[in-house]
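1. Sequence first, then the predicted structure, then my questions.
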Amino acid sequence: MNLEEYINYLEEKNISGILSDQEILNQTTRPEPELVESDGEDDSIELPQVTHKEALDAIHLVELYLMQQDLSDEVRVEHDSALLKLSGLMRKFRNASFKQLNIETFFNPTV
């Protein structure tokens, strides 16, 4: 292959073009999943990241489910108490994530 054939390669695909607004939005809001190289030894399944809002919504969904069940008052109070504690814990986690770290703590978390 000479230099002229190399520069004007016939099988080259021209992919330059202008993306529409919708194509740009689709690429930024739903990015393609990155391929993770596997070394063959680790067969564990990676858990999806759950947000604070999703956790609180799940607790609320369980509360609604339990309201629909025919439970005795003692059991209902026990479940309500457990869900209230769990909901409070999730709110503490959420509020802790809102706190601003000072620069020293950010770079040296043991301080």
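-> Noted; the coordinates are in hand.

2. C-alpha only now, for contacts and for neighbours.
-> Will do.

3. chain center to the longest helix along the chain, what's the gap?
-> Longest helix of the chain, by residue count under DSSP state H: helix 73-98. Centroid separation for helix 73-98 versus its chain: 22 Å, with CA atoms, centre = their mean, to the nearest Å.

4. Quick one: list the elements packing against that helix.
-> helix 52-68 (3 or more CA pairs under 8 Å, 6 or more residues apart in numbering; DSSP states H and E).

5. Report the buried residues of the helix it packs on.
-> Neighbour counts using 16 or more other CA atoms under 10 Å place 52, 55-56, 59 of helix 52-68 among the buried residues.

6. in the longest helix of the chain, what's buried?
-> 79-80, 83, 87, 90-91, 94.

7. In the chain, which residue is most central in space?
-> Closest residue to the average C-alpha location of the chain: Gln49 at 3.9 Å, with CA atoms, centre = their mean.

8. pLDDT wise, what is it at?
-> pLDDT, Gln49: 87.

9. what do you get for Val111?
-> 53.

10. still on that earlier bit, what's near enough to touch the residue nearest to the centre of the chain?
-> By CA atoms under 8 Å, 6 or more residues apart in numbering, Gln49 lies in contact with nothing.

11. Let me see the mean pLDDT of the longest helix of the chain.
-> Mean predicted confidence for helix 73-98 is 90.

12. Tell me what angle that helix forms with helix 52-68.
-> Interaxial angle, helix 73-98 versus helix 52-68 (axes from the mean of the first three to the mean of the last three CA atoms, to 10 degrees): 170 degrees.

13. quick one, phi/psi of the residue nearest to the centre of the chain?
-> The phi/psi pair for Gln49 (degrees, to the nearest 10) reads phi -70, psi 130.

14. 300 is where my numbering starts, stick with that
-> Yep, numbering from 300; the last one is Gln348 now.
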